[in-house]
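Peer 1: Kindly generate the corresponding structure for this input.
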Amino acid sequence: MTSTETEGAAPLELSYRAATDADAQALAELVNSCYRGQSSRQGWTTEADLLGGQRIDAAAVRTLVARPDTTVLLAESDRTLVACCELQRGVGGTYFGMFSVAPTFQGRGLGKRVLAEAECTAARLWRSALMRMMVIAQRSELIAWYERRGYTSTGRTEPFPYGDPAFGEPKRDDLAFVEMSKDLTAHL
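Peer 2: From the prediction side, this is the model:
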C-alpha cells in the first residue's frame with residue numbers, strides 16, 4: 001500500500017509492509033536514532049535528556065517480529081526505511097509502540113500518516129476497536145501531539161521500570177508512563 005505526502009516541501013511516496021527477521025538490525029538502528037544519543041537531537045522525538053543507553057537491539061526486534069500476535073509495520077520511501085511502529089493484538093484492543101520516524105524525516109507529516117496507517121492496519125488485521133499506548137508522562141509535547149490525533153488519557157499510569165536495562169538508563173528519578181487510547185470503530 002502506498003500514499004503520497006500532501007504537506008511539507010516535497011512529496012514523499014510511502015509504502016508499508018510488515019517487518020521480517022531480515023529487517024531487525026535496520027529497525028534497531030532507526031528506533032535508537034530517534035530516541036537516544038546525539039543523532040536523536042535532530043528530531044523532536046528525542047528522549048536523550050530522560051534516558052540513556054539503547055532503546056532496543058536487533059535481538060529484541062527479532063523476538064517482536066516472530067510473535068504471532070505482533071506486527072512491526074515499516075514505512076519506506078524509495079526503499080529506504082523512514083518509520084516504523086509495533087502493533088500488538090491484545091484482549092483490550094491493539095497496543096501501539098516503538099513508533100519511530102527517522103530524525104531527518106521528522107516535521108514533514110510522516111508521523112501522522114504512519115499513525116493513521118497503523119490504526120487502519122490494527123482494524124483490518126484484528127478488527128481492533130481500540131488502540132492503546134504508553135507514553136512517558138514527562139513528554140508533554142508528545143502527549144499533546146497524540147491528543148491532536150484523537151488520543152485521550154485513560155487515567156491509568158505505570159511506574160517506570162527502574163533497574164530494567166531493556167528500558168534504558170534513566171537520567172531522572174521521577175519517570176512514569178501514562179496510558180492513552182483511541183476508539184477505532186470508524187475503521188471497522
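Peer 1: going forward, measure contacts and count neighbours with C-alpha atoms only.
Peer 2: Fine.
Peer 1: Near residue 27, how many residues? Count them for me, please.
Peer 2: Counted with other CA atoms under 10 Å, the neighbours of residue 27 add up to 26.
Peer 1: sorry, that was for residue 80
Peer 2: Residues within reach of residue 80, counting by other CA under 10 Å, total 12.
Peer 1: Then the one 3 residues further on?
Peer 2: Around residue 83 there are 27 other residues, counting by other CA under 10 Å.
Peer 1: Check whether residue 181 really touches residue 143, as I assumed.
Peer 2: No - Residue 181 is not in contact with residue 143 according to CA atoms under 8 Å; the separation is 11.2 Å.
Peer 1: Look up how far residue 34 lies from residue 106.
Peer 2: Going from residue 106 to residue 34 by CA to CA, to the nearest Å gives 10 Å.
Peer 1: and for these two, which residues touch both?
Peer 2: Shared contacts of residue 106 and residue 34 (CA atoms under 8 Å, 6 or more residues apart in numbering): residue 43.
Peer 1: neighbour count winner among these two?
Peer 2: residue 34 (28 against 18).
Peer 1: can you list the weak-confidence ranges in the chain?
Peer 2: The chain contains residues with pLDDT under 70 at 1-11.
Peer 1: those helices in it, which residues are they?
Peer 2: Under the criterion DSSP state H, the chain contains helices at 24-35, 58-66, 110-126, 140-148.
Peer 1: Find the nearest non-adjacent residue to residue 53, please.
Peer 2: Distance criterion CA to CA, 6 or more residues apart in numbering; nearest residue to residue 53, sequence neighbours excluded, is residue 168 at 5.1 Å.
Peer 1: and the one you found, what does it touch?
Peer 2: 51, 52, 53, 54, 55 are the contacts of residue 168 under CA under 8 Å, 6+ apart.
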